[in-house]
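Colleague: Sharing a sequence plus its predicted fold:
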Amino acid sequence: MRTLHRGLAAFMLLTVVTACSQTDGQTNDEEAQAANTESTSDEGEVTATTEQDDFQMTLTSAKKVYEEGEPLDIFGSLTYLGEKEEIEITYDRMFYFSKVIDYKRYMSMTPTYESYRGTKTFSQGEAYEFESFEPNGNGEPITSQSEEELEQTKQLYEEITPLPAGGYTFNVVADFEVQTAEGNQEVRIPASIDIVVEPS
């Protein structure tokens with residue numbers, strides 16, 4: 001039951017980040033617990049960074065605009081910024097959750113994670129990088145849609161990989177616990193970026 005509660009909480013936070021990402025990447029501290037700052041370099045790289053509770057979550061895309069059929073170059077990292085030489089985190093399933101929102105077809109794609117309890121130790125300044133942001137095409141509608149519309153969208157996802165033309169938000173939320181003098185502290189750190197896929 002505890003795993004379900006943490007998963008639902010992370011999913012709700014992903015929803016908050018999704019709504020906030022459409023306002024230049026700025027989130028509300030009270031709702032999302034931290035400021036998500038998105039920036040685009042002259043070379044087109046898009047990066048969102050959130051610092052909170054001695055950790056930094058970063059989500060980066062090599063470019064803002066892709067063409068249909070082009071592989072996505074999107075990756076994230078979690079870095080420990082605290083003063084301890086090392087710190088151990090505890091998590092359920094994974095220490096982060098990701099979601100892709102397709103605004104053209106009103107679909108949400110969330111990878112399936114196996115359920116298990118895990119730990120990871122971070123050294124001071126250590127960054128852990130991860131790249132599991134490839135959409136799996138198994139989307140869920142975020143608006144009311146007919147069975148015919150859903151089937152057409154599923155076929156489109158299968159025919160054009162990794163993503164068909166449209167606008168997308170990639171969200172990630174670090175979700176774990178750290179041990180403090182007061183006991184276990186829950187940490188949830190969101191980051192989100194927007195990309196565009198153009199017709200080839």
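Modeller: Yep, that arrived. Numbering: from 1, shown residues only.
Colleague: Could you use CA atoms for every contact and neighbour count after this?
Modeller: Will do.
Colleague: Could you list the buried residues of stretch 91-99?
Modeller: Using 16 or more other C-alpha atoms under 10 Å as the test for burial, stretch 91-99 gives Tyr91, Asp92, Arg93, Met94, Phe95, Tyr96, Phe97, Ser98, Lys99.
Colleague: what's the helix or strand for the fourth one?
Modeller: So the one you mean is Met94. Using DSSP states H and E, Met94 maps to neither a helix nor a strand.
Colleague: Can you pull the phi and psi angles for it?
Modeller: When read as degrees, to the nearest 10, the backbone of Met94 gives phi -140, psi 160.
Colleague: now do the fifth one
Modeller: Dihedral angles phi and psi of Phe95 (degrees, to the nearest 10) take the values phi -90, psi 10.
Colleague: now swap in the first one and tell me
Modeller: Dihedral angles phi and psi of Tyr91 (degrees, to the nearest 10) take the values phi -150, psi 160.
Colleague: That one against Phe97, yeah?
Modeller: No - Tyr91 is beyond contact range of Phe97, at 11.1 Å (criterion: C-alpha atoms under 8 Å).
Colleague: Now do the shared contacts for these two.
Modeller: Asp175 (C-alpha atoms under 8 Å, 6 or more residues apart in numbering).
Colleague: Out of the buried residues of stretch 91-99, show me where the pLDDT dips lowest.
Modeller: By pLDDT, Arg93 ranks lowest within the buried residues of stretch 91-99, coming in at 76.
Colleague: List the contacts of the residue nearest in space to the middle of the chain.
Modeller: For the chain, the residue nearest the mean C-alpha position is Val172 (1.6 Å; C-alpha atoms, centre = their mean). Residues in contact with Val172 (C-alpha under 8 Å, 6+ apart) are Leu14, Leu59, Tyr96, Phe97, Ser98, Lys99, Pro190, Ala191, Ser192.
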